[in-house]
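A.B. asks: this one's structure only:
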């Protein structure tokens with residue numbers, strides 16, 4: 001019987017050997033003599049009904065067709081009123097209450113319907129079943145008519161089903177009913193069961209693509225209430241299938257890594273070449289099926305009041321200070337603008353004074369005169385304070401915007417945060433003054449008013465890896481019709497031109513390689529066994545008592561294919577660092593996927609050059625390991641030192657100056673910079689930010 005006859009995605013048939021009391025058989029019948037519409041309309045109890053059959057919603061799948069959202073047929077107990085000859089109200093109510101009592105006994109629930117509702121339905125809509133129970137458990141569906149009496153039917157409806165449960169819950173979202181079924185007289189086109197629409201996630205942002213086309217069902221009842229004609233005039237059409245870019249295997253691995261390494265966090269992976277989002281994992285999550293068909297008040301309040309906010313997708317809905325993952329942007333801007341060069345040396349004591357405030361490095365000792373490679377590998381705050389101020393905030397914040405910060409990514413994510421990239425107008429509106437040197441120092445290490453989502457950080461890493469353009473991110477791979485025909489399949493696109501100096505890009509790549517692979521790098525725990533990675537650690541002061549740990553980057557360095565961002569959200573009072581908390585999640589994620597990844601990152605095959613007789617063919621090697629050969633030709637003075645100007649300007653009271661607490665075990669293992677017989681200086685006094 002309908003609706004399983006039209007479920008193209010998931011056929012359902014009654015259990016073998018069961019005699020199920022169902023809703024009226026909708027298979028078309030031929031109207032008997034005298035049952036045409038004209039004669040029916042002259043009889044008080046006869047009815048001709050034209051009803052709408054809501055179209056099933058389309059599937060949502062991963063890139064390989066694994067279902068993320070689908071439909072299933074579910075059943076409710078319902079009362080199908082019989083026709084009473086001149087009944088009184090008591091007889092109708094009594095007949096109905098006997099059946100409600102039987103359903104209560106079967107379900108173990110106490111369903112209650114007022115006498116007025118029973119009489120109203122009998123008067124106006126008795127030709128249609130009165131649905132009032134919850135979805136029947138599978139065991140009751142299998143029992144079929146066992147224990148039932150006449151007038152009770154198992155009424156079928158379509159329900160949304162999310163087979164992956166907690167996985168991808170924030171991305172897929174959920175649907176809700178558009179409203180209760182009508183009461184009162186039956187109108188032309190009334191729906192057979194409640195229609196749904198998307199109210200969160202892809203279910204909402206792509207609702208117009210997923211919604212099916214309604215069908216039309218015509219039913220004729222004679223004077224005695226008997227069904228004379230049941231005709232499917234127009235079959236409902238299933239909505240379009242949305243094929244996402246997500247890789248379910250990788251997504252579930254990312255979710256597993258988060259479960260094993262943190263209580264709150266996110267892990268995002270992006271294909272640099274196509275812009276496709278492969279994983280967008282957030283922890284914690286929840287089983288999105290709690291919304292189907294409706295969520296009870298206790299469950300909703302428990303989720304809403306949970307301090308971990310499981311309904312909040314941290315991967316793209318939460319904006320955080322990007323911390324030191326932002327430093328490559330400052331370095332790129334300074335190099336492109338000629339503020340520093342590859343051999344420029346900046347003196348980096350343990351702290352510097354800007355205005356009336358001391359700005360500290362994360363380590364407890366001065367690091368002397370260092371270049372950009374050393375500054376990136378060591379994540380030296382003092383270097384970036386000074387270079388950021390010399391570069392000016394407007395310059396590196398402009399590059400940040402070209403790399404996607406301060407705006408949503410353009411993919412159909414519900415509730416995506418745009419983050420914050422401050423400007424003078426914003427500062428004047430909020431604080432009554434433009435950006436100061438103190439603000440600039442904070443922004444240069446990814447703190448202050450600057451905020452971004454893990455998805456934006458991964459997107460920026462894709463742009464830095466490419467070096468020339470920011471790829472447009474994609475979450476939808478294809479839209480297919482009900483027959484599997486492809487309606488749309490967007491290809492790779494460019495979002496922004498970056499306008500960066502290629503030599504600056506190469507230099508920053510090398511500095512990010514040193515973060516992971518150099519002895520003095522802060523992110524050695526992120527290294528992979530089968531490829532070379534460029535990355536950046538980061539630690540941010542998030543609230544007054546909570547810190548964040550980041551690790552973001554891309555690989556392989558020679559021909560970048562994958563960009564990623566890992567976020568570890570610390571508990572109140574917990575001391576964290578990017579090197580200790582976030583970096584280990586990188587190999588936990590990608591080492592397990594080596595068999596998938598290695599074929600995808602193989603270097604290009606050598607091209608052969610055909611030479612004239614007397615010569616020989618030579619192979620052209622694939623791009624090298626980030627060695628800065630091209631920089632050797634630059635007319636630079638080795639060991640050039642830049643004199644840093646004095647800085648002034650107050651630091652705003654609203655901004656908290658915090659140090660970037662990288663992994664001190666990694667930072668202190670430096671015999672070449674800190675000889676064994678050298679006594680490290682005493683740590684500086686605590687800095688108090690003026691109110």
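C.D. replies: Yep, that arrived. Because the structure is a prediction, the values reported are computed rather than measured.
A.B. asks: centre of the chain to stretch 250-269, how far?
C.D. replies: Once both centres are worked out by Cα atoms, centre = their mean, to the nearest Å, stretch 250-269 turns out to sit 12 Å from its chain's centre.
A.B. asks: what's the weakest-modelled helix or strand in this protein?
C.D. replies: When the helices and strands of the chain are compared on mean pLDDT, DSSP states H and E, strand 619-620 comes out lowest with a mean of 36.
A.B. asks: sketch out the low-pLDDT regions of the stretch 101-250 of the chain for me.
C.D. replies: For the stretch 101-250 of the chain, not a single residue meets the criterion pLDDT under 70.
A.B. asks: tell me which stretches of it form helices.
C.D. replies: Taking DSSP state H, counting those that start in this stretch, the helices of the stretch 101-250 of the chain run over residues 115-125, 138-143, 169-172, 201-205, 207-210, 248-261.
A.B. asks: for residue 299, the count of nearby residues, please.
C.D. replies: Residues lying near residue 299 (other Cβ atoms under 10 Å) number 14. No exception for glycine: its C-beta is placed from N, CA and C like everyone else's.
A.B. asks: so what's it closest to, chain neighbours aside?
C.D. replies: residue 290 (5.3 Å; Cβ to Cβ, 6 or more residues apart in numbering).
A.B. asks: picking up where we left off before, how about TSV for the helices of the stretch 101-250 of the chain, with distance to residue 508 and mean neighbour count added?
C.D. replies: Written out in TSV, the entries for these read as follows (distance: least, Cβ to Cβ, whole Å; neighbours: other Cβ atoms under 10 Å):
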stretch	distance to residue 508	mean neighbour count
helix 115-125	70	16
helix 138-143	58	14
helix 169-172	31	26
helix 201-205	35	23
helix 207-210	40	19
helix 248-261	26	20
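A.B. asks: residue 547 is nearest to which of those helices?
C.D. replies: Using Cβ to Cβ as the measure, helix 248-261 is the one of the helices of the stretch 101-250 of the chain that comes nearest residue 547, at 15.5 Å.
A.B. asks: what packs against the closest one?
C.D. replies: Judged by 3 or more Cβ pairs under 8 Å, 6 or more residues apart in numbering; DSSP states H and E, helix 248-261 is in contact with strand 265-271, strand 277-283, helix 585-590.
A.B. asks: chain center to it, what's the gap?
C.D. replies: Here the centre of mass of C-alpha atoms in helix 248-261, compared against the chain's by Cα atoms, centre = their mean, lies 13 Å away.
A.B. asks: next: stretch 328-342.
C.D. replies: When C-alpha coordinates are averaged (Cα atoms, centre = their mean), stretch 328-342 and its chain have centres 32 Å apart.
A.B. asks: for that stretch, how far is the first residue from the last?
C.D. replies: Length of stretch 328-342, first residue to last, Cα to Cα, to the nearest Å: 14 Å.
A.B. asks: can you tell me the element residue 441 falls in?
C.D. replies: Here residue 441 sits within helix 437-444, counting by DSSP states H and E.
A.B. asks: from the chain's centre, how far out does that helix sit?
C.D. replies: A distance of 30 Å separates the C-alpha centroid of helix 437-444 from that of its chain, computed with Cα atoms, centre = their mean.
A.B. asks: now for whatever helix or strand comes next after that helix, which elements pack on it?
C.D. replies: Moving toward the C-terminus from helix 437-444, the first helix or strand encountered (DSSP H and E) is helix 454-466. Using 3+ Cβ pairs under 8 Å, 6+ apart as the contact criterion, the neighbours of helix 454-466 among helices and strands are strand 265-271, helix 327-336, strand 469-471, helix 502-517, strand 546-555, strand 562-569.
A.B. asks: and residue 433, which of the ones you listed is closest to it?
C.D. replies: When the helices and strands packed on helix 454-466 are compared by Cβ to Cβ, helix 327-336 sits nearest residue 433, at 22.3 Å.
A.B. asks: next SSE downstream of that closest one?
C.D. replies: Toward the C-terminal end, the helix or strand that comes next after helix 327-336 (DSSP H and E) is strand 346-348.
A.B. asks: tell me how far that following strand is from the chain's mean position?
C.D. replies: 41 Å.
A.B. asks: buried residues, the very next helix or strand once past that strand. List them.
C.D. replies: Stepping forward along the backbone from strand 346-348, the first helix or strand reached (DSSP H and E) is strand 351-354. Within strand 351-354, the residues that qualify as buried by neighbour count (16 or more other Cβ atoms under 10 Å) are 351, 352, 354.
A.B. asks: distance to residue 539 added to the residues you listed, as CSV?
C.D. replies: As requested, the buried residues of strand 351-354 are arranged in CSV below (distance: Cβ to Cβ, whole Å):
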residue, distance to residue 539
351, 17
352, 19
354, 21
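A.B. asks: angle of the longest strand along the chain against helix 115-125?
C.D. replies: Selection of the longest strand in the chain by residue count, based on DSSP state E, yields strand 67-79. Interaxial angle, strand 67-79 versus helix 115-125 (axes from the mean of the first three to the mean of the last three Cα atoms, to 10 degrees): 100 degrees.
A.B. asks: helices and strands around strand 67-79, which ones?
C.D. replies: Packed against strand 67-79 by the contact rule (3+ Cβ pairs under 8 Å, 6+ apart) you find strand 60-61, helix 89-107, strand 130-131, strand 152-161, helix 169-172.
A.B. asks: again, only this time at 7 Å
C.D. replies: strand 60-61, helix 89-107, strand 130-131, strand 152-161 (3 or more Cβ pairs under 7 Å, 6 or more residues apart in numbering; DSSP states H and E).
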